[in-house]
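Colleague: Sequence first, predicted model second:
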Amino acid sequence: MQKKYYIIATVVVLAIIVLLTWLFLFISQLATTNQIVIPKNQPITHPKPTTNTNASLGAQIFQQTQNPIKKKLPDVNPVKNANPIQGAYTNPF
């Protein structure tokens, strides 16, 4: 009777191992088929940016705008002076 349970348990474990192996191979095959393949003999070329002298109104406004509060913000760091025992103990680790 116990031999029967060992045989059933062995079959179940082997079935799980086969299923997991097939699933791993199937997922790895899906991951490799979705990749872009670039031929080795052909160099990669990028499109050259075009220069447009007649920029749109939005581009002109973007180039002319600046930050009105540039370098005028005060230094407000509440954590800097919050620790009263900052230099009292240093962790050796």
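Modeller: That came through, no problem.
Colleague: ok, so what distance separates Tyr5 from Leu14?
Modeller: 15 Å (Cβ to Cβ, to the nearest Å). Where C-beta positions appear, they are placed from N, C-alpha and C, glycine not excepted.
Colleague: now Gly87, what's its secondary structure?
Modeller: For Gly87, the secondary-structure state derived from DSSP: H, G, I helix; E, B strand; the rest coil is coil.
Colleague: tally of neighbours for it?
Modeller: Look at Gly87: counted by other Cβ atoms under 10 Å, it has 7 neighbours.
Colleague: what do you get for Pro74?
Modeller: Neighbours of Pro74 (other Cβ under 10 Å): 5.
Colleague: so who does it touch?
Modeller: Pro74 sits next to no residue when contact means Cβ atoms under 8 Å, 6 or more residues apart in numbering.
Colleague: Provide the secondary structure category for it.
Modeller: Pro74 - assigned by three-state DSSP - is coil.
Colleague: Would you map the helices across the chain?
Modeller: 2-33, 57-64 (DSSP state H).
Colleague: Could you save these as CSV and add columns showing mean neighbour count?
Modeller: Shown next, in CSV, are these (neighbours: other Cβ atoms under 10 Å):
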stretch, mean neighbour count
helix 2-33, 9
helix 57-64, 9
